[in-house]
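Asker: Sequence and computational prediction follow.
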Amino acid sequence: MTEDKRWPRLGFYVCHCGGNISDYVDVVKVRDALAEEPGVVVARDVMFACSDSSQNEMIADIKNLKLDRIVVASCTPRLHEITFRNVADRGGLNRYTYYHANIREQTSWAHRDDKEGATVKAIRHSRAAVAYARLSEPLESIKAPVTPSVLVVGGGIAGIRAAIDLADAGIAVHLIEREPFLGGRTAQLTNSYPQDSKGSEVAARLIAEARKRDGIAIYTNAELVGLDGYIGNFEARVKLNPRYFKSSQAKTSLPEQLGGEAPSKFDYGLSKEGPVLMPPFSGAYPELPSLNMEACSEDCARSISQAYGDAVDLHQKSESLTIRAGAVIAAAGFDPYEPKEGEFGYRTHPKVVTLQQLHRLVELKMLKDVHNIAFIYCVGSRQVKTGDEDVNEYCSRYCCNAAMSISLVLLRMREELGGDLRLYHLYRDIRTYGRNEVLYEEALKKEVVFIKYSEEDPPAVSAAGGRLTVTVKDLLTVLDDKLEIPVDMVVLVTGMVPKQSNDALPQILRVPKGADRFLLEVHPKLKPVETAMAGVFIAGTCQGPKDVRETLASAQAASSKAAGIALMTQLELDPFVASVDPKMCNLTKACAAECEYGAIEFKEFPGLGEKAWVNGARCKGCGACVAVCPTGAIQLKGLSNEQLKAQIEALGRKVEI
Amino acid sequence: MNIEPSIHEFGGSKELPEERHDVMVVGGGICGMQAALDMGDMGFKVLLVEKEPSIGGVMYKLSKTFPTLDCSSCISTPRMASTAHHKNITMLTYSEVKEAIKEGEGNFRVRILEKPRYVDSAACTACSLCEKACPVIVPSEYDGNLSGRKAAFIPFDTALPKVAMIDLDNCIYCGACERACPVGCIDFLQTPKLHTARVRSVILATGFRLFDAKLKPTYHYGEYPNVITSMQMERYLSPTRPTHAIVRPSDGKEPGSIAYVLCVGSRDDTVKNPYCSQVCCMYSIKQAQLLMGALPLADIAIYYIDIRAFGKGFEEFYVQTKAMGVNFVKGKIAKIEQQENGDLTLFYEDIENGGRLSKSSHDLVVLAVGIMPGKDVAGIFKNDELKLDPIGWIKSPDEAGSPMVTSIRGVFAAGTAIGPKDIPDSAVEGSGAAIDAVAYLWTLDRERTGAEKKGGPS
Amino acid sequence: MVMAQQFEPLILVLSNTPASDPGIDFAGSRHIHYPAMTAILRIPCSAMIRPDVILYALTHGFDGVCAAGDGPECPYLGADCVTRTAKRISEAQNLLKEKGIDPGRLRMSGVCSVCGEAFAKCVRNFSNDLKKLGPQPKPDKPKSGAGADR
């Protein structure tokens, strides 16, 4: 030990977290153990380290005790590392010299069965954080320019709403939609609650608003295939699939021979569609048809040429497009749950339909002579896990309200349907939360019979003797017998599932999925639209089931966050990137071969010759290069090999309590 | 606090020089803080007005939050700190907006009354010596009257700003606090301050009020000591709890059998609230889980009509709670009667058994009170009508397009100001209202300059 | 061996910031118990693990090292992360063999951001296996503090 190189002066704070930590970890022992560590000038235990008064106390300590570093042992760094870096900042220290010990999520909460073990572990983690901070060097954040535009993935109501808000805030927007038309699943609804408006009108109104704004570039038939870069500077690769139709002069009526026999996606198979897809609702965009070439034979191509002439170009090829954006909003939507064949008679009986199909049946005016309809709730939701197979344990949130709302529509249509109408709702719990309760209240006053079934004894649907019958045990009567209800139609109240065609999306966006397989937010309350990938936000139902109103609200929240990035002139990024000590580099170039981002370049250093050099703006700080450098010349700023070993030594050292 | 002075009563109070801000956010709960932070981060100047002495709203009082069980104060206190320290946010606490007059698009003149704390906030160091010296003890609002506070007091540990105040209604003018204060910051002669500001837009995040359980006389809240509200139970379960154990108020006994009565003041036309309050099922389930940890031997029964576990992770949490042994009874509680020993008899319609009337006995009853529209904010807009729904929630004229706009252009509303909802949805709407306000300001600038010239933060 | 009954192995978990560390948090938030004789060290990505760091741990108080991998959703390296981490681990195991240390003291496990159960199970199993191996000999002269000889 040399005389002049003293330890940095350290302040250590251990948090009780109001019992969350101190009920299982003896924080006083932690405090006393850490007071013994070299360099620690002050060690305190505090009730809430994150509270303003504790923060001020730390700042006062920095000033009064001339501290150079502070370390806090509390909850996960994901909640408060930034909070305490800000404290270091306000106290006049370099924010990146701060280090954090996780003694709640990774200690007190995990070892409630072993208080002594938890205390020992908390001491280990705290010692390691102190060992790290002792060796931490002041660092400066990396300044990067920001691309002042946002990419919105998905052209349903969430994506369109976000695009409108961003455009109004003066930000350029690229809106991409994989399908040929904007509007998403909302456009397929005959009615949406609680404002009781037609889904296609809701969508059309938003589409019209978006089209009024110059700042929104809309791409349909456009698929996101890759995303490079980082917050502030993303580069998206988009595949533009050919539409073949290029002019709005195209006739709106189809030549008869192009009718086609494929089940229509927009009508959930209730109508047929051919290779030419017409705009599916009034106000749809683009107003151009789109040709599905896969479904188009040579004959078909010939007829199309004849019928549409110059309005089509059958030689169009798919193109690739690169979009640069400062932030990305994923508004990629959901799929309705598709019941298995035979599940409550689905696909074995033509009069068993899903809730989504019922919307189309009403919209297409295909409902006639129906008098008795049974609604079976929670189909594909609130499932109980029995084996290894993925099930939907979650509640789909919107379906009770939607079933109630469309029932009121049916009751209003009574005359059209043939007069006498009786609706049976077979439910587990009615979850018409919030204002939707008035829908339930209204249904209760009308010809709707509510029957509560148990998940252990679900209703059975049979078509024996040509008569559709639902058999169910009503939990709300004392009768032992099951009810047998002859009906004309069964509606399966199907929930929402993650969109199947989005399977690749989590990987492309590098955003994790939750246990329910929907995209996962960082924290439901603190960061409800943020994801693990900085700069990528989630909106609408790709995050989990939501209704129209909730979808719009979450889209607006995501656009607020994205605007926060796109409106910045420059972004400050954490400086935790690799760097090379040119004197130690012996030019094996192993690092460059390992780097996924092309961040390592080779330069002439005066007096040293050619050596490796890291481009900080490109480096993401993964450390893959660190692992392969034979001399240890390349190291991470903020986690040097020496800091790693010092932490290991501190963690492995014996603890006496 | 109960001080409700009008502007005119304080005609003599000093009117402060007019301030200018891009937006006024009314309400410093989780939603208002989120809106303020988002706009502040985008470079807009924010005036945040909170009527209570501290920002934080209701969330900071809660124990843990459903369905993740993370501790509420751990989540809200840093949010409070970053709001208070934000360079673009000016905070006015213990202050009420009295008037907001729209004089044109992007131009609201607002008058805000800052109530006197009788303490010089700038000088107070929150040493709490005044609190120790004060001889007067009154029930603590923060703890739902389960504990006491002094007449000279700091509202709560993590209050922001952390400043002492004197409750003059209960003060006996003994001067003990004044003598104890080391910096001489106590000032009994303080008068209200009238702030005038010009703001370009307004976000209403004024929150909700809890249903007053006394309006359901058959439950005898306020009369039977062992009938408490869910908010009082939150305090019992909170890390900053008033007592170290959960005890029933009448005799300090540890309860062995606790009943939850759901839908108190919700789904109930007799109290003019037909809506479901959206949070009571889940907070009751959460409290039941926490109680099972705190009182491992206690039986917990939840009397419900429908369990509304609809949000992300809620159903899974409900299933887990059932498996832990909480007894869910589908039944509507008709009335509660007190027995001689303080225990309570619940009379209920046993819905799953043919609706016959049943009885059960518990030693503590928790009323899961619903949430109601907050204090009327429409009144502050003197020249324009802020439209409300029949129950009194602020109503968007375009819910299926722009759920956070209001009937007044340039005024936005979010969180529980526009309907019952939980914390995640409130936070989401706070951000959403922020982009609405930003879009409004940029659009105005474009309309004004008539060109592509960029507007944005003033 | 008499020791074997009381021996609680000390495990170093190298946890990556984007996936495993939230996964280990998740275990704690759900109160899923696993042995407290674990120490968790955050690193950006499991592909940065140097074999000499593993050797350092096994000669500085640890009986086992668990490398918690990011898995294919690694934000840095994508699916390639698994391959690269596996390569680093097998290099480290060769180094351990060279130094006469049982390579079974090093284990790799994928821990995603909601893999709390999987993590706890892995640590429990690893701990049991290490009990069979017995304690890893400690260094002769334990240091009193990090860099105390500096």
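Answerer: Received the coordinates, thanks. Worth saying up front: this structure is predicted, and the values here are computed from it rather than measured. Residues are numbered from 1 along each chain as shown, chains lettered A, B, ... in the order given.
Asker: Please make it C-alpha for all contacts and neighbour counts, starting now.
Answerer: OK.
Asker: just the strands in chain C please.
Answerer: Assigned by DSSP state E, chain C shows strands spanning C:11-16, C:38-43, C:64-69, C:106-110.
Asker: which one of those strands lies closest to A:E37?
Answerer: strand C:38-43 (18.0 Å; CA to CA).
Asker: Show me where the stretch 101-250 of chain A dips below the pLDDT cut-off.
Answerer: Residues of the stretch 101-250 of chain A that meet the criterion pLDDT under 70 lie in A:248-250.
Asker: Is B:K61 in contact with B:R235, as I believe?
Answerer: Yes. Using CA atoms under 8 Å, B:K61 makes contact with B:R235 at a distance of 6.8 Å.
Asker: still on that earlier bit, out of the strands of chain C, flag the one nearest chain B.
Answerer: Evaluated over these, closeness to chain B peaks at strand C:38-43, with 21.1 Å, by CA to the nearest CA.
Asker: if you skip the residues just before and after it, what's nearest to the residue of chain C found nearest chain B?
Answerer: Residue of chain C nearest chain B, by CA to the nearest CA: C:S29 (7.5 Å). Spatial nearest neighbour of C:S29, chain neighbours left out: A:E105 (5.8 Å); criterion: CA to CA, 6 or more residues apart in numbering or on different chains.
Asker: again, but for C:L96
Answerer: C:L96 sits nearest to C:P103 (CA to CA, 6+ apart), 5.8 Å away.
Asker: and the one you found, how many neighbours?
Answerer: Residues near C:P103, counting by other CA atoms under 10 Å in any protein chain shown, number 18.
Asker: contacting residues for it?
Answerer: For C:P103, the contacting residues are C:93-94, C:96-97, by CA atoms under 8 Å, 6 or more residues apart in numbering or on different chains.
Asker: Give me the buried entries from those residues.
Answerer: C:93, C:96 (16 or more other CA atoms under 10 Å in any protein chain shown).
Asker: Return the subset of the contacts of C:P103 lying in helices.
Answerer: Among these, DSSP state H puts C:93-94, C:96-97 in helices.
Asker: With respect to A:Y337, which of these is nearest?
Answerer: C:Q93 (47.1 Å).
Asker: Quick check: the closest one touching C:L106?
Answerer: Yes. Judged on CA under 8 Å, C:Q93 makes contact with C:L106 at a distance of 7.1 Å.
Asker: any idea which helix is longest in chain A?
Answerer: Per DSSP H, chain A has its longest helix at helix A:115-135.
Asker: The residue nearest to B:P135 when sequence neighbours are not counted: what's it in contact with?
Answerer: Leaving aside its sequence neighbours, B:P135 sits nearest to B:K150 (CA to CA, 6+ apart; 7.1 Å). Listed by CA under 8 Å, 6+ apart, the contact set of B:K150 reads B:131, B:134-138.
Asker: quick one: the residue nearest to C:F7 when sequence neighbours are not counted from chain A, how far?
Answerer: With CA to CA, 6+ apart as the criterion, C:F7 has its nearest non-adjacent residue at 6.6 Å, and that residue is C:K131. From C:K131 over to chain A the distance is 17 Å, taken as CA to the nearest CA, to the nearest Å.
Asker: Tell me which residue lies nearest the centroid of chain C.
Answerer: Closest to where the C-alpha atoms of chain C average out (CA atoms, centre = their mean) is C:C66, at 2.1 Å.
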